[in-house]
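In: Build me a model from this:
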Amino acid sequence: MVTSSDRKLTKEDVCKLAEESSTIITRSWFFRRMMKRSFQKMDYNGNGKVSQKELYTGLLLIHLQLANYVGSSACSPNDEATIDNFFEALDIDGSGKLGLDEFSLIMVICCSQIATRILFQMLMSISLVPLISKIVTSIVWDYLLGHEDLTGFFVFIDTYFKEDGVVHKTLMNFPGTIIGLIASIFVIPFCLNKIDAFFYNVAEDVEAIEEKKSD
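Out: Here you go, the predicted structure:
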């Protein structure tokens, strides 16, 4: 991950980053097709080139399209200054335009972290969210069962609905379902942002060490 927009990159740097950043997602036919279609949408005059502004718009478009399938995992595009740095490195002739090949290199680099984010999201969905839901649900039911004003509600459920019936189970599991939904909407994105911040800081530290060595 390139974190510094003030370090001048070369075409060789970008090509090396693209090779190192390649993942199962960025190598897939689906992603390649998405890149090509995004490029074509940004190439308004059909000359096979995109400008600096169109490049960043294309990146945002790809992230939006991926978000339709993987949700919040795809909602963390690079900042525009970093994309401008990539653009200038690949715009060797100074025309202010890039072709599909250069566009694809930058998209591979910028979308490489999505695979990692998907893995973290899956792990949190099958471990963290159920754990939070179970703990909070237990606290909620302990409170409700100890509240005398709600005794009639539970008597009503036990009286008119079979304990092993669908309605009874639905009502009993309803708090857990709501809590799990809230955790998925808010907790997972929060955790992903914290993970991003951690790796961002690590990448900056590594980059700083490399610059000191080069000096």
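
In: List the contacts of the nearest residue to Cys191 once chain neighbours are set aside.
Out: By the measure of C-beta to C-beta, 6 or more residues apart in numbering, the closest residue to Cys191 outside its immediate chain neighbours is Met124, 5.9 Å from it. Heads up, the C-betas are built off the backbone N, CA and C, glycines and all. Listed by C-beta atoms under 8 Å, 6 or more residues apart in numbering, the contact set of Met124 reads 187-188, 191.

In: now, among these, which is nearest to Ile62?
Out: Taking C-beta to C-beta as the measure, Ile62 lies nearest Ile188 of the contacts of Met124, at 21.3 Å.

In: what about the closest one, which SS state?
Out: Recorded secondary structure, Ile188: helix (DSSP: H, G, I helix; E, B strand; the rest coil).

In: Now whichever strand or helix holds Ile106: buried residues?
Out: Following DSSP states H and E, one finds Ile106 within helix 100-110. With burial defined by 16 or more other C-beta atoms under 10 Å, the residues of helix 100-110 counted as buried are 102-110.

In: hmm, back to that, buried among the contacts of Met124? Need that as a selection in PyMOL.
Out: Applying 16+ other C-beta under 10 Å to these, the buried members can be selected in PyMOL as follows:
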select buried, resi 188+191
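
In: tell me the contacts of the spatially closest residue to Thr26 that is not a sequence neighbour?
Out: Nearest residue to Thr26, sequence neighbours excluded (C-beta to C-beta, 6+ apart): Val108, at 4.5 Å. Contacts here follow C-beta under 8 Å, 6+ apart; on that basis Val108 touches 18, 21-22, 26.

In: Pull the residues that contact stretch 29-49.
Out: With contacts defined as C-beta under 8 Å, 6+ apart, stretch 29-49 is touched by 25, 50, 54-55, 57-58, 61-62, 65-66, 95, 97-100, 103-104, 107, 111.

In: in that stretch, what's buried?
Out: Using 16+ other C-beta under 10 Å as the test for burial, stretch 29-49 gives 31, 34-35, 38-39, 42-43, 49.

In: And the residues you listed, which is closest to Ala89?
Out: For the buried residues of stretch 29-49, the nearest to Ala89 is Lys49 (16.5 Å; C-beta to C-beta).

In: for the closest one, phi and psi?
Out: Main-chain dihedrals, Lys49, degrees, to the nearest 10: phi -140, psi 150.

In: per-residue confidence averaged over the helix or strand hosting Lys53?
Out: Here Lys53 sits within helix 52-70, counting by DSSP H and E. The average pLDDT for helix 52-70 rounds to 81.

In: got the CA positions of it in CSV?
Out: Extracted in CSV, the C-alpha atoms of helix 52-70 (Å, rounded to 0.1, in the frame of the first residue of the first chain):
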residue,chain,number,x,y,z
GLN,A,52,-6.4,12.3,-14.3
LYS,A,53,-9.9,13.2,-12.9
GLU,A,54,-11.6,10.4,-14.9
LEU,A,55,-9.1,8.0,-13.4
TYR,A,56,-10.2,8.7,-9.8
THR,A,57,-13.8,8.7,-10.9
GLY,A,58,-13.2,5.2,-12.4
LEU,A,59,-11.7,4.0,-9.1
LEU,A,60,-14.8,5.2,-7.2
LEU,A,61,-17.1,3.5,-9.7
ILE,A,62,-15.3,0.2,-9.2
HIS,A,63,-15.5,0.5,-5.4
LEU,A,64,-19.3,1.2,-5.7
GLN,A,65,-19.8,-1.8,-8.0
LEU,A,66,-17.8,-4.1,-5.7
ALA,A,67,-19.8,-2.8,-2.7
ASN,A,68,-23.0,-4.2,-4.3
TYR,A,69,-21.5,-7.7,-3.7
VAL,A,70,-19.2,-7.4,-0.7
